[in-house]
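# Let me see the structure of the following:
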Amino acid sequence: MQTNQIKSINFSGEYIDGKYVENVKDFHIEKRTIVVNLEQTNAYLSETNPSIIPAFSSTILENATVEKAKSLLLIQVVERRNIGSIVFEDGWNLLGDTDPGFPKTVPLWKSSQDDAGIIEVDPYYMAGQSSTPNPNHKEKFMVKVNLWFAPSFTDCAIHNMHDFIEIHTQIVGLGRMQKFKVKSFESLYEDLLMAEGYTQIIPFCTVHENQKYTYPWHQYYSDTDCIWMANEYHPIKKG
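Model prediction:
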């Protein structure tokens with residue numbers, strides 16, 4: 001594969017631009033950009049003080065060069081003025097209009113989803129269930145990404161069912177990923193604060209055999225008007 005293979009993400013528009021870059025080498029990032037490393041290997045920067053973007057994490061870069069990485073997801077906030085109008089762009093919908101089981105009274109909007117690329121990871125290592133990657137546990141996942149928008153002080157619905165592994169990246173504003181003992185706001189037991197450019201390094205799920213995952217009751221909560229990105233690892237069925 002040639003170096004620096006770039007694909008535009010389909011939720012790109014007037015307010016946010018997304019790109020997926022594979023086989024990254026000496027890739028210069030000029031404007032302020034959230035750089036997400038969805039791989040289980042580090043990405044390496046080539047600067048005065050060399051540093052890394054650890055596996056399953058992100059940072060904000062500006063006028064910086066990535067020396068090498070397997071792949072990166074680049075998210076640039078192009079325009080902040082009236083950014084809430086992003087929900088009127090093509091592909092965005094109020095979740096209650098597309099999911100019959102979700103209440104229309106919750107102001108939660110979802111962008112179109114895109115298949116970013118195929119990534120190989122050890123899901124047990126990703127979930128923190130082993131301290132080192134095991135090559136015998138490596139599996140292929142299609143990484144699907146989409147944006148979400150919610151105004152300030154929105155509870156985005158407690159749930160615990162996913163047939164994939166997910167982590168989240170904060171794009172605009174301040175929010176939280178929260179865990180609950182039961183399906184009740186009063187049972188909150190963990191509050192993970194999300195600032196712009198931060199990615200939830202450890203997914204909330206427990207990984208089981210046969211590509212099964214169990215989640216605690218959890219939700220996203222917006223402290224301010226927020227845009228965040230869901231990074232979903234969908235297992236590619238074996239055989």
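# Quick check: the residue lying farthest from the centre of the chain vs A64, distance?
Centroid-distance maximum for the chain: T48 at 28.7 Å, with CA atoms, centre = their mean. According to CB to CB, to the nearest Å, T48 and A64 sit 10 Å apart. Every residue, glycine included, has its C-beta placed from N, CA and C.
# And for E22?
Taken as CB to CB, the span from E22 to A64 is 19 Å.
# got it, and P103?
P103 sits 43 Å away from A64, taking CB to CB as the criterion.
# Equivalent analysis for L188, please.
Look at L188 and A64: by CB to CB, they are 37 Å apart.
# what's W92 in contact with, if anything?
With contacts defined as CB atoms under 8 Å, 6 or more residues apart in numbering, W92 is in contact with I86, W109, K110, S111, S112, F149.
# let me redo that: K31
By CB under 8 Å, 6+ apart, the contact list for K31 reads E62, Q76.
# which stretches of the protein form helices?
Applying DSSP state H to the chain gives helices spanning 95-98, 123-126.
# Mind putting those into TSV with mean neighbour count and mean pLDDT?
Formatted as TSV, the helices of the chain follow (neighbours: other CB atoms under 10 Å; pLDDT from 0 to 100):
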stretch	mean neighbour count	mean pLDDT
helix 95-98	14	96
helix 123-126	20	98
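# can you put these in a markdown table and add distance to V78?
Below are these laid out as a markdown table (distance: least, CB to CB, whole Å):
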| stretch | distance to V78 |
| --- | --- |
| helix 95-98 | 24 |
| helix 123-126 | 31 |
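# looking at those helices, which is closest to V143?
Of all the helices of the chain, it is helix 123-126 that lies closest to V143, at 11.8 Å by CB to CB.
# how far out from the middle of the chain is the closest one?
Distance, stretch centre to chain centre, for helix 123-126: 16 Å (CA atoms, centre = their mean, to the nearest Å).
# what packs against it?
The contact analysis (3 or more CB pairs under 8 Å, 6 or more residues apart in numbering; DSSP states H and E) places helix 123-126 against strand 206-208, strand 226-235.
# Quick one, which of those gets closest to Y44.
Using CB to CB as the measure, strand 226-235 is the one of these that comes nearest Y44, at 20.7 Å.
# in its sheet, what does that closest one sit against?
Within its sheet, and counting by DSSP bridges, strand 226-235 is paired with strand 139-150 (antiparallel), strand 165-172 (antiparallel).
# check contacts around S131.
Y125.
# Distance check, S71 against T132.
21 Å.
# who's more crowded, the two?
Each of S71 and T132 has its neighbours counted (other CB atoms under 10 Å); S71 has more, 22 against 6.
# correct me, but the more buried one touches I118?
No - the pair S71 / I118 is not scored as a contact, 9.5 Å apart, by CB atoms under 8 Å.
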